[in-house]
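[1] Requesting a structural model of the entry that follows:
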Amino acid sequence: MGSLIEFLKRETAVNALEKSIKHAQIVQKCVKTLDEGIKVLLKEKKPEKADQIFEKVDTLEGEADELRREIQKDISKGELNPSVRQNLSHLIKRMDDVANCCTGVARRITTIGGEFWEQSSEQTILIILEMMENTVKAVDLLDKMVIDLLGKRKQIKEFASQINQHEHEVDILNIKLRKSLHETKYDVNYFTAFTAGNVFDIIEAISDSIEAVADYIMVLLTSSEVL
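    Numbers count the residues shown, from 1 in each chain. Prediction:
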């Protein structure tokens, strides 16, 4: 009776279930839109076009926030004991953290002057793009994982394992990125360098947040309290 999974099977939970899947899809779109903006900035070298795309990330994150509040309102009306309500709330909040990280990158990266990217090595640019490529793959898997959690739950472990692999690859790439940055001579002010470092930290944090959601889903899957 106290199972989150059992709750999600009920007629009264259909609305919350559908919104949870939609929330995951918006979060996924946040990551993909951020990736698009970074490609436009670093590959196409069109900062104005990139800024417009980064603004879309902020809009999507706002939509995710609004939907999260709707879901919390829905589950507060359902026949839920406190532990189940807490489990679902934590899941949605962890998903929301992914979108928040994307917005953190989108807002900060627009303040970095073009001279920083012009002085960055080709290796640095390629590493950043590869980090985002792995992050996009991870969020695609997370979207499938959430759908599977609220469905037949047959591939959750496989999806979680693949997400862990992509997150690990981002960690390795982040170390390579730091080395590449140290080997590059920059003539930019200290605040620009600090902001760029902060952006790279948050890019890495996106995959960390995705992994955190996947790990929490695994807890829900294996916990006797919710299954």
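[2] Walking through the chain, point out its helices one by one.
    Secondary structure of the chain (DSSP state H): helices at 4-9, 14-42, 47-77, 82-109, 114-119, 122-149, 156-182, 190-222.
[3] Dump these to JSON lines, plus mean pLDDT and mean neighbour count.
    In this view, the C-beta of every residue, glycine as well, is placed from N, C-alpha and C. Output for the helices of the chain, formatted as JSON lines (pLDDT from 0 to 100; neighbours: other CB atoms under 10 Å):
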{"stretch": "helix 4-9", "mean pLDDT": "54", "mean neighbour count": "17"}
{"stretch": "helix 14-42", "mean pLDDT": "90", "mean neighbour count": "21"}
{"stretch": "helix 47-77", "mean pLDDT": "91", "mean neighbour count": "17"}
{"stretch": "helix 82-109", "mean pLDDT": "88", "mean neighbour count": "21"}
{"stretch": "helix 114-119", "mean pLDDT": "96", "mean neighbour count": "13"}
{"stretch": "helix 122-149", "mean pLDDT": "95", "mean neighbour count": "20"}
{"stretch": "helix 156-182", "mean pLDDT": "97", "mean neighbour count": "17"}
{"stretch": "helix 190-222", "mean pLDDT": "94", "mean neighbour count": "19"}
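[4] Ile125 versus the nearest residue to Ala50 once chain neighbours are set aside, what's the distance?
    In space, not counting the residues next to it along the chain, Ala50 is nearest to Leu41; the distance is 3.8 Å by CB to CB, 6 or more residues apart in numbering. The spacing between Leu41 and Ile125, counted by CB to CB, to the nearest Å, is 10 Å.
[5] Give me the common contacts of these two.
    Residues touching both Leu41 and Ile125 by CB atoms under 8 Å, 6 or more residues apart in numbering: Trp117.
[6] quick one: Gln72 from Leu150, how far?
    Per CB to CB, Gln72 is found 17 Å from Leu150.
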